[in-house]
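I would like to see how this sequence folds:
(one chain, ligands or ions: 1)
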Amino acid sequence: MAKIAQKCPDIPVTVVDVNPARIEAWQSEDLPVYEPGLLEVVKEARDRNLFFSTDVHGAIREADILFISVNTPTKTVGVGAGSAADLQYVEKCAREIAKVADSDKIIVEKSTVPVRTAESIRRILDGYGVKWKYQVLSNPEFLAEGTAMEDLEDPDRVLIGGEETGEGRAAVEALAGVYANWVPRERILTTNLWSSELSKLTANAFLAQRISSINAISALCEATGADIDQVAKSIGLDARIGPKFLRASVGFGGSCFQKDILNLVYLCEYFGLPDVARYWRGVVEMNDYQKNRYSRRIVDTLFNTVAGKRIAVLGFAFKKDTNDTRESAAIYVCRDLLIEGAELAIFDPKVEAEQIYRDLGREPGDAQIRIEPDPESAATGAHALALLTEWDAFRSDQLDYRRLHAVMEKPAFLFDGRNLLDLAEIRRIGFEAHGIGKP
Ligand code: UGA
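Purely as a prediction, here's the structure:
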């Protein structure tokens with residue numbers, strides 16, 4: 001919304017939320033999410049044509065286009081628990097709109113939703129017998145965290161799905177007109193509603209599948225002495241495969257990949273396609289395997305026990321340039337190590353201490369967890385260094401691994417879960433160093 005406001009100064013954009021603290025944060029210098037370049041864009045448009053408010057009803061009445069941009073987490077209880085999307089917030093929005101609006105609206109699903117959610121929104125509105133006209137559009141978001149502002153500035157495509165009727169097409173055109181202020185027309189794709197919803201889930205499933213595929217091969221590399229980076233480079237040069245998203249890692253995290261694949265799995269099961277469901281579930285299972293394999297390797301290497309040993313954890317966010325920890329591989333690795341009795345010394349440049357305790361299901365002050373202010377204090381007295389997020393600050397030209405080695409217990413082990421470091425160089429320093437898929 002900040003990007004739309006920046007690029008379309010004539011369009012007033014109002015972001016509403018029921019949470020006053022959150023709205024207040026959006027009006028401050030300290031935004032609720034860390035995203036490079038976001039504050040600048042917000043500041044450019046804020047109070048010009050970008051507004052933040054808790055007046056949900058007022059905003060619904062005034063707007064011509066309403067974006068539903070709420071959370072759609074995986075259900076934890078009830079039917080479809082563990083795979084289906086929890087659509088209660090989308091549904092609440094639809095009901096709120098139905099109750100409050102009194103003029104024609106275009107309603108846009110921005111949240112990632114399972115196929116045919118637009119239909120549910122429509123049924124809710126019809127159930128309330130609304131007198132005004134509306135169109136429901138699907139406009140999934142393809143930005144990735146950490147690079148959100150670049151992705152929005154120059155998207156590969158903008159996807160808009162709508163009803164294939166005259167009014168549906170007019171609504172699609174209206175929204176396309178907003179993006180056309182800065183996105184070339186040929187990159188604005190229009191489809192029917194279901195194609196648009198399904199494309200979003202499929203895009204994420206394909207991206208995650210690449211990571212699970214390369215991670216599967218990383219295990220074979222470790223067993224055989226092949227080097228995963230060399231394999232990735234060799235296959236990536238095939239134009240049909242392409243070089244991106246082939247970085248072997250401790251496993252993908254984030255709020256999207258696992259959730260969206262599980263959604264796809266649920267849909268396939270629901271529509272009586274168990275073989276298709278099993279195929280995609282494999283991508284998530286491979287990811288679980290990889291996270292588990294990494295923590296097991298730490299334990300094995302540290303002479304089969306980490307009980308009472310201090311392990312320095314560098315990075316807790318699910319990727320660099322974000323303070324988001326949802327589904328971060330670090331959470332799973334840390335939990336495994338805590339169960340084994342390790343003492344963790346955790347440093348992340350952007351994640352708050354309270355968030356780390358919450359994610360690990362522990363109280364602040366827990367005897368097994370220390371949150372450290374920098375890598376060196378984390379490394380002090382540690383037996384091993386586990387690198388879990390690819391922050392630039394952890395690159396060997398930015399961080400002095402010699403100093404870290406000096407303050408650690410010996411032998412000092414390093415587990416590069418992101419293949420960020422030149423392991424030959426790290427070994428020269430004196431570490432016993434292990435990467436993912438490295439001989
Ligand atoms: C992902 C998609 O990339 C976006 O296109 C999509 O819009 C978004 O989900 C969404 O559905 O909202 P995001 O989860 O923010 O974006 O971040 P990614 O860059 O895709 O990274 C996801 C995870 O995969 C991270 O943990 C990352 O470290 C890992 N990854 C990525 C690898 O392990 N290897 C790679 O080669 C690439």
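
around the ligand, pick out the residues from this structure.
The chain comes close to the ligand at residues 112, 141-145, 204, 207, 211, 245-247, 249, 252-254, 256-257, 318-319, as judged by Cβ under 6 Å from any ligand atom. (Each C-beta comes from the backbone N, C-alpha and C, glycine too.)

just the buried residues from those residues, in PyMOL please.
The PyMOL selection below is limited to those of the residues of the chain next to the ligand classed as buried (16 or more other Cβ atoms under 10 Å):
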select buried, resi 112+141+145+204+207+211+245+246+247+249+252+253+254+256+257+318+319
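
let me know the outermost residue of this protein.
Using Cα atoms, centre = their mean, the residue of the chain lying farthest from its centre is residue 131. It sits 38.7 Å away.

in helices, which of the residues of the chain next to the ligand fall?
204, 207, 211, 257 (DSSP state H).

would you map the helices across the stretch 201-350 of the chain?
Shown for the stretch 201-350 of the chain, the helices assigned by DSSP state H, counting those that start in this stretch span residues 228-236, 257-270, 274-301, 329-339.

contact partners for the nearest residue to residue 282 once chain neighbours are set aside?
Spatial nearest neighbour of residue 282, excluding adjacent residues (Cβ to Cβ, 6 or more residues apart in numbering): residue 212 at 7.5 Å. Neighbouring residues of residue 212 by Cβ atoms under 8 Å, 6 or more residues apart in numbering: 252, 282-284, 286-287, 290.

sorry, back to before: confidence score at the residue farthest from the centre of the chain?
Here, the pLDDT recorded for residue 131 equals 93.

and if you look at residue 7?
pLDDT, residue 7: 98.

correct me, but it touches residue 155?
No - using Cβ atoms under 8 Å, residue 7 makes no contact with residue 155, being 11.7 Å away.

and the ones in helices among the residues of the chain next to the ligand, which two are the farthest apart?
204 and 211 (10.9 Å; Cβ to Cβ).

ok, which stretches of the chain are strands?
13-16, 50-53, 65-68, 105-109, 134-138, 158-162, 188-192, 310-314, 343-347, 369-371, 384-387, 413-416, 432-435 (DSSP state E).

distance of the residue nearest to residue 282 relative to residue 407?
Residue 212 sits 36 Å away from residue 407, going by Cβ to Cβ, to the nearest Å.

please apply the same query to residue 48.
Taking Cβ to Cβ, one finds residue 48 at 50 Å from residue 407.

just residue 425 next, same as before
Residue 425 sits 19 Å away from residue 407, going by Cβ to Cβ.

ditto for residue 108
Taken as Cβ to Cβ, the span from residue 108 to residue 407 is 53 Å.

next, the angle strand 134-138 makes with the lowest-mean-pLDDT helix or strand in the chain.
Ranked by mean pLDDT, DSSP states H and E, the weakest helix or strand in the chain is helix 117-127, scoring a mean of 93. Counting by axes from the mean of the first three to the mean of the last three Cα atoms, to 10 degrees, helix 117-127 points 160 degrees away from the direction of strand 134-138.

need phi/psi at the residue nearest the centre of the chain.
Residue closest to the average C-alpha location in the chain (Cα atoms, centre = their mean): residue 254, at 3.1 Å. Taking degrees, to the nearest 10, you get phi 100, psi 170 for the backbone angles of residue 254.

report pLDDT for it.
95.

same question, residue 431
98.

residue 126: how many residues sit nearby?
11 (other Cβ atoms under 10 Å).

which ones are touching it?
If a contact means Cβ under 8 Å, 6+ apart, then residue 126 has no contacts.

distance check, it against residue 134.
10 Å.

over to residue 308?
Separation of residue 308 from residue 134 (Cβ to Cβ) stands at 62 Å.

who has more neighbours, these two?
Neighbours were counted for residue 308 and for residue 134 using other Cβ under 10 Å; residue 134 has more, 20 against 10.

list the contacts of the closest residue in space to that one that isn't next to it in sequence.
The shortest distance from residue 134 to any non-neighbouring residue, by Cβ to Cβ, 6+ apart, is to residue 105 (4.8 Å). Listed by Cβ under 8 Å, 6+ apart, the contact set of residue 105 reads 63-66, 97, 132, 134-135.

the same query, at a cut-off of 7 Å, please.
Residues near residue 105 by Cβ atoms under 7 Å, 6 or more residues apart in numbering: 64, 66, 97, 132, 134.

list the contacts of residue 160.
Residues near residue 160 by Cβ under 7 Å, 6+ apart: 137, 139, 172, 175-176, 188, 190, 196.

CSV for these, including neighbour count?
Shown next, in CSV, are the contacts of residue 160 (neighbours: other Cβ atoms under 10 Å):
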residue, neighbour count
137, 25
139, 22
172, 26
175, 21
176, 19
188, 19
190, 19
196, 23
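
and of those residues, the nearest to the ligand?
The shortest gap between the ligand and any of the contacts of residue 160 belongs to residue 139, at 12.2 Å (Cβ to the nearest ligand atom).

returning to what we had before: just give me the closest of the contacts of residue 160 to residue 41.
So of those, ranked by how close each gets to residue 41 (Cβ to Cβ), first place is residue 139, at 19.2 Å.

now for the nearest residue to residue 319 once chain neighbours are set aside: which residues touch it?
Once flanking residues are discounted, residue 319 sits nearest to residue 146: 5.6 Å by Cβ to Cβ, 6+ apart. When the contact criterion is Cβ under 7 Å, 6+ apart, the partners of residue 146 are 319-322.

10 Å - rerun?
Contacts of residue 146 were listed using Cβ atoms under 10 Å, 6 or more residues apart in numbering, and they are 34-36, 254, 317-322, 324, 390.

cool, and residue 355?
Taking Cβ under 10 Å, 6+ apart as the criterion, residue 355 is in contact with 316-317, 323-325, 348, 371.

neighbour-wise, which of these leads?
Ranked by neighbour count (other Cβ under 10 Å), the contacts of residue 355 have residue 316 at the top, with 29 neighbours.

that one touches residue 358, doesn't it?
No - using Cβ atoms under 10 Å as the test, residue 316 is too far from residue 358 to be in contact (11.4 Å).

which neighbours do those two have in common?
The contact sets of residue 316 and residue 358 overlap at 325, 352 (Cβ under 10 Å, 6+ apart).

residue 169: neighbour count?
As a burial measure, residue 169 scores 14 neighbours (other Cβ under 10 Å).

the more surrounded of residue 425 and residue 407?
Neighbour count, other Cβ under 10 Å: between residue 425 and residue 407, residue 407 has more, with 15 against 12.
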